[in-house]
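Undergrad: Fold the following for me, if possible:
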Amino acid sequence: MGTTFVTADGERGFWMRDGLLELFLRLLALHLEEPREPGAATVIRDAWLLASRGWFTGCVPHGLEDAVRTDEGRALVRGAIGSLRAALASAPPALDAAVLNLLGMEGRWEAPIETERLVEISQAFVDLLDGKIDQTARDTRFMPGSRR
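TA: Residues are numbered from 1 along each chain as shown. Got it, this is the predicted structure:
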């Protein structure tokens, strides 16, 4: 299992395990505001669905830099994170592997994923967008969703 550096500005960010990043991007794509016409939401959703497919090891193309380049894109990303966070607040303590295997991703989930790990990832994404993350790619102190 590889890791990918997640950044919104090309410099500051954090490393994540690819499987967790793919799952998070898949869930974010499902929580994006429905596009009324082709535009930024469609581009972001398509990028996240592709990136979350499970085909990229060690370099998941999360596209966050491109997604938040405009005010519209930044609002869409924040909206998706907010929607997902609200859903996670009422989710069970763990998401069953059999249900995760229905999301159309390559590979198989063999164990449940604790909801708190996804909450931690969502907070890290918000902190990144808010400029609260000062790590660079040289720093692996914090890998959201992987603390144990």
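Undergrad: In the longest helix belonging to the chain, which residues are buried?
TA: Taking DSSP state H as the criterion, the chain has its longest helix at helix 71-89. For helix 71-89, burial by neighbour count (16 or more other C-beta atoms under 10 Å) applies to Gly73, Leu76, Val77, Ala80, Ile81, Ser83, Leu84, Arg85, Leu88. To be clear about C-beta, it is placed using only N, CA and C from the backbone, and glycine gets the same treatment.
Undergrad: Roughly how far does the fourth one sit from Leu30?
TA: This points to Ala80. 9 Å (C-beta to C-beta, to the nearest Å).
Undergrad: returning to what we had before: just the buried residues of helix 71-89 now: which is nearest Lys132?
TA: Within these, proximity to Lys132 (C-beta to C-beta) peaks at Ile81, which comes in at 14.0 Å.
Undergrad: Pull the contacting residues for that closest one.
TA: Leu28, His31, Ser122, Phe125, Val126 (C-beta atoms under 8 Å, 6 or more residues apart in numbering).
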